[in-house]
Structures are given as structure tokens and as C-alpha cells.
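*Asks:* Let's see this in three dimensions:
(one chain, ligands or ions: 2)
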Amino acid sequence: MGVLTKKIAVLPGDGIGPEVCQEAIRVLEAVCEKFGHQFTFDTQLMGACAIDATGEPLPAQSLQACLEADAILLGAIGDPKYDHDPTATVRPEQGLLKLRKSLGLFANIRPVTAYDVLLPYSPLKEARIAGADMLFFRELTGGIYFGEKGRQGNTAYDHCTYSRIEILRIARLAFEAAESRRKKLTLVDKANVLETSRLWREVVQEIAGDYPGVAVDYLYVDNAAMQLILNPKQFDVILTENMFGDILSDEASVIAGSLGLLPSASVGEKAALFEPIHGSYPQAKGRNIANPIATILSAAMMLEHFGLQTEADLVKKAVQQALDKKILTPDLTSPAEAYTTEQVGTFIAYFVQEGADDLPHKENIEVGMSTII
Ligand code: IPM
Ligand code: MN
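*Replies:* Residues are numbered from 1 along each chain as shown. Ligands and ions are numbered 1, 2, ... in the order given. Modelled structure (predicted):
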């Protein structure tokens, strides 16, 4: 792969979003420095910050910037002042949902890996989670999130609908991913109760024959929630609808050790968006304690999307080094031993740029911080 020029729209969002985005950008800049690529970053408003500034969660200018970009990096959105007000009609989440829909980002891909060095930090038994490695394909622009919703007197409703094509296009991506992995696909649904789930099963069964090497398995979502914790190693690719994927991927983060480690890519016809799966964690805002790794790994997924596998592998190696050397934020270690958001980002950027892995001390990381970027 030669030298690339890419335009990246950045939506830092709310809470810890700006802090974690800043570290991911620092890592992408280190990649550019090392490999000669040219990335430009166009920062735009979305979420509660956009409502405060413009009255809208996704201003037209932000959407336009995303449409024009080669990829989008997103931090997180959400603010307690909306969470605690169920009557609010304008909400930060509407910006994200509108963005997903407008860009046609129908597949949300969430890898979950149990990192060996973090096994002792998980509340789950080490033997149970060691070696777990799964990939969620969560449908992102349909289902109950986007169905008709409303009130009728004292009744409220949210309709869940799925069309054959909505299922087919993500199912094909999931099968293709399974072919390149351990060749197992689990469809998670609630086909014993829901009509939409029965359509999911029908479509998956129809196309399964096109992927003869892939073993297909079906699980009801309640059982899947239990199996994820009981025996996570049984899973390879998990295909599921929007709401189930939202819930199960948060649950699966316990296997990785922290929600702060899990990246995601949302892809569709053309656009591609990369974001951590965690929320805006408002309690941590501005405290330099948030884990930037989920966003940095999302940036690595962006590099893969650009076809820059060597660069992506180097970022993942740098993250692994940070974990191995216990350069960890407080979600993963005791406050006395913890490093800051900025220090973790600096270590990873430094490793990417210099290949140096001899920065075990906080003081050195601070020195490193002044010598790069
Ligand atoms: C996620 C988030 C969003 C979702 C919220 C913020 C709307 O939880 O990306 O998983 O439910 O999809
Ligand atoms: Mn979620």
C-alpha cells in the first residue's frame, strides 16, 4: 500500500468523547508520521454539545462533513441532563441515530477479545474466558430503534420491523467474516416469540448454503445472554438485530475486562464510522481517567478499512504493549498504579512512531509526551 491521503471527520461528542478522540488522533498522527500518509481531521459537533450550540443534535454542517469524509471517528454522545428528563423531545442520541440512518451504516461490527494480561481483572473466572474471541455483527439501521413510535393516551409503543433485504445484507457480511475466521456463525434471535426473528431465521437458512464451510447455530437471546458468560469460547461470529446486539455487546465487554477496551466499526454502502462501544461516561469528563484504548482500537479498524493492515497491526501491537506493561487507566487497575488517559495515549503513539517499548515509567511517558506531536 502506498502513501494515502484521507479526510477524516471527527465527532468528539460529549463527556469523555473529546478526551478519548484526542488520543486516537494522536495515534493516527503517529501512523502518518511513520508511514508518510496524510490524514486531515475535520472536527464537528454532534450530541448534547451540538444541541447546546445549535439546538440540533446533528447540525446539517456536521452531516455534510461526514458525507464528504473518507471515514468518521466518533467519541461518545449523551448527557445526564437528557437521561434524567424523559420528556425531552430533542435528545443527543437522535443525532447518532440520524447519522447512522443518513449514512446507511447498517452493520455494526464489534470484536470482543479476552486479553491474556487482563484475565485477572475480569470478574469472571479466568479459565472460562481465556482464549475467548468473538465478532458481533449488530444490525444498526432497523428494528425497534427505527420503527414507528409514539403515545396513545396512557399507552406507548415502539414498533419492530425488519425487511428481507435489511437482514440479507448484514447476514452476508457476517457469513463472509465467519469464512475468514473459525467458520462458525450464531444467529441470536427470539424466534419462539417474535415474527421479525422468524424472518431473520428464514433468511439466514436460505443463504447458509452459499457458505458451505460455515457452521450455523441458532440461539434465543435469553439463552445467548447466559451462554456468553457461561461459555464465551463457543462463539465466533454472532449475528443479531439492533437491540439484542446493543445489549449483548455491553455484556460481552465484561469478558474483555472493561467496556473501555471495545472498539467498533459501522459500515454500509459507502460511508464508514469508527467509535468505541462505551458511552460518554459523564462522571469522568475532564478528569483524564477515561480509557482511550477502545477509541484507539477503533482507529485501528479505520486503518484496516483503508487497507492499511501493517499500520493497523502496529497500533494493535502498541495497545498490547501498553496492556503488557500495565500502562492502564483506573478502570483496569488501582488508583495508585493508574496512568492518565493522556499517558496511555502517549505511550501508544510513541510506540507506533518510534517502535520504542522502553517507557515503563510515568516520568518517561511525560517526557515522551513533550517530544512527540
Ligand atoms: C451504542 C449506544 C447507542 C445505541 C445509544 C447511545 C443510542 O448505546 O452505540 O451501543 O443504543 O446504539
Ligand atoms: Mn450500546
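
*Asks:* Would you mind giving the secondary structure of Arg181?
*Replies:* coil (DSSP: H, G, I helix; E, B strand; the rest coil).

*Asks:* which non-adjacent residue is nearest it?
*Replies:* Nearest non-adjacent residue to Arg181, counting by Cβ to Cβ, 6 or more residues apart in numbering: Asp236, 5.5 Å away. The C-beta positions use only the backbone N, C-alpha and C, and glycine is treated the same way.

*Asks:* Which parts of this structure are strands?
*Replies:* 5-13, 38-43, 71-76, 107-113, 133-139, 149-152, 155-158, 184-189, 215-220, 237-240, 263-267, 272-276 (DSSP state E).

*Asks:* Check whether the third one comes into contact with ligand 1.
*Replies:* In other words, strand 71-76. No - using Cβ under 6 Å from any ligand atom, strand 71-76 never reaches ligand 1; the gap is at least 7.7 Å.

*Asks:* quick revisit: the residue nearest to Arg181: what's it in contact with?
*Replies:* Asp133, Met134, Leu135, Ala178, Arg181, Arg182, Lys183, Lys184, Leu185, Thr186 (Cβ atoms under 8 Å, 6 or more residues apart in numbering).

*Asks:* For the residue nearest to Ser163 when sequence neighbours are not counted, give its distance to Glu179.
*Replies:* Of all residues not flanking Ser163 in the chain, Gly142 sits nearest, at 7.6 Å (Cβ to Cβ, 6+ apart). With distances taken as Cβ to Cβ, to the nearest Å, Gly142 is found 24 Å from Glu179.

*Asks:* distance of the closest residue to Lys184 other than its chain neighbours from Met134?
*Replies:* The shortest distance from Lys184 to any non-neighbouring residue, by Cβ to Cβ, 6+ apart, is to Asp236 (3.9 Å). For Asp236, the distance to Met134 equals 6 Å [Cβ to Cβ].

*Asks:* go on, Leu248?
*Replies:* Counting by Cβ to Cβ, the gap from Leu248 to Met134 is 10 Å.

*Asks:* So these two - more neighbours on which side?
*Replies:* Remark: of Leu248 and Met134, Met134 carries more neighbours, 24 against 21, as counted by other Cβ atoms under 10 Å.

*Asks:* tell me the contacts of the one residue in the stretch 1-150 of the chain that gets nearest to ligand 1?
*Replies:* As assessed by Cβ to the nearest ligand atom, ligand 1 sits closest to Glu93 within the stretch 1-150 of the chain, at 4.0 Å. Shown in contact with Glu93 (Cβ under 8 Å, 6+ apart): Pro57, Ile77, Gly78, Tyr82.

*Asks:* Setting aside sequence neighbours, what's the nearest residue to the first one?
*Replies:* With Cβ to Cβ, 6+ apart as the criterion, Pro57 has its nearest non-adjacent residue at 3.1 Å, and that residue is Gly95.

*Asks:* so the residue nearest to Ser163 sits right up against Met243, yeah?
*Replies:* No - using Cβ atoms under 8 Å, Gly142 is not in contact with Met243, being 10.1 Å away.

*Asks:* what about these two, which has more around it?
*Replies:* Gly142 (21 against 16).

*Asks:* Which strands and helices lie in contact with the top helix by length along the chain?
*Replies:* Counting residues, the longest helix in the chain under DSSP state H turns out to be helix 17-35. Packing partners of helix 17-35 (3 or more Cβ pairs under 8 Å, 6 or more residues apart in numbering; DSSP states H and E): strand 5-13, strand 38-43, strand 71-76, helix 293-305, helix 309-324, helix 341-354.

*Asks:* for it, which positions count as buried?
*Replies:* 17-32, 35 (16 or more other Cβ atoms under 10 Å).

*Asks:* hmm, back to that, so for Leu199, which of the strands of the chain sits nearest?
*Replies:* strand 184-189 (9.3 Å; Cβ to Cβ).

*Asks:* and that closest one, how far out from the chain's middle?
*Replies:* Its chain's C-alpha centre and that of strand 184-189 lie 20 Å apart, by Cα atoms, centre = their mean, to the nearest Å.

*Asks:* That strand packs against which elements?
*Replies:* Using 3+ Cβ pairs under 8 Å, 6+ apart, strand 184-189 sits against helix 164-179, helix 195-208, strand 215-220, helix 221-230, strand 237-240, helix 242-256.

*Asks:* quick one: which of these is nearest ligand 1?
*Replies:* When the helices and strands packed on strand 184-189 are ranked by proximity to ligand 1 (Cβ to the nearest ligand atom), helix 242-256 comes first, at 4.5 Å.

*Asks:* Kind regards, and thank you for your time.
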